[in-house]
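S.K.: Here's my sequence, what's the structure:
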Amino acid sequence: MHELKLRVYEIINRERVKKDFDFCDQIRRSARSAPRNIAEGFGRYLPGEFAKYLRVANGELKETTDALRDGFDCGYLSEVELTTLQRLAYRASKATTNLIAYLRRSNPPNEHRR
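M.R.: Predicted structure coming up:
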């Protein structure tokens with residue numbers, strides 16, 4: 001996820017892309033938000049709370065993927081870059097989904113499922 005975020009930063013620092021303020025703001029926010037939500041959820045120390053934040057992070061990864069497609073459509077990145085970044089986002093989403101499933105199975109005795 002960190003690598004995806006760094007690559008997004010590289011893209012939005014390109015001269016041509018910098019001029020599209022809406023695109024840069026949107027993709028920057030979604031790329032930053034996924035790891036931040038995971039960190040915040042982990043800091044809650046409860047599996048149900050953590051899973052809730054993981055689901056939000058997963059949504060942000062999907063939003064980043066959509067913004068990457070938009071960037072490709074605008075000519076900001078190549079097809080190879082798009083594919084590479086979509087794979088990173090997919091891998092991060094899959095790991096997040098697997099962690100949510102693990103947390104559901106853990107079923108701690110003093111917490112209700114959410």
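
S.K.: And what about the residue most central in space within the chain, helix, strand or coil?
M.R.: Centrality entry for the chain: nearest residue to the mean C-alpha point is residue 61, 2.9 Å, by CA atoms, centre = their mean. Secondary structure state of residue 61, per DSSP: H, G, I helix; E, B strand; the rest coil, is helix.

S.K.: Tell me how far it lies from residue 49.
M.R.: The gap separating residue 61 from residue 49 is 19 Å, by CB to CB, to the nearest Å. All C-beta atoms are positioned from the backbone trio N, CA, C, and that covers glycine.

S.K.: Quick one: the helices in the chain, in order.
M.R.: Along the chain, counting by DSSP state H, helices occupy 2-12, 15-18, 21-42, 47-73, 79-106.

S.K.: pLDDT at residue 106, what is it?
M.R.: Residue 106 is assigned a pLDDT of 82 by the prediction.

S.K.: Test for you: state the pLDDT assigned to the nearest residue to it once chain neighbours are set aside.
M.R.: Of all residues not flanking residue 106 in the chain, residue 47 sits nearest, at 5.3 Å (CB to CB, 6 or more residues apart in numbering). Looking at residue 47, its pLDDT is 92.

S.K.: returning to what we had before: list the contacts for the residue nearest to the centre of the chain?
M.R.: Counting by CB atoms under 8 Å, 6 or more residues apart in numbering, residue 61 makes contact with 1, 30, 34, 89, 92-93, 96.
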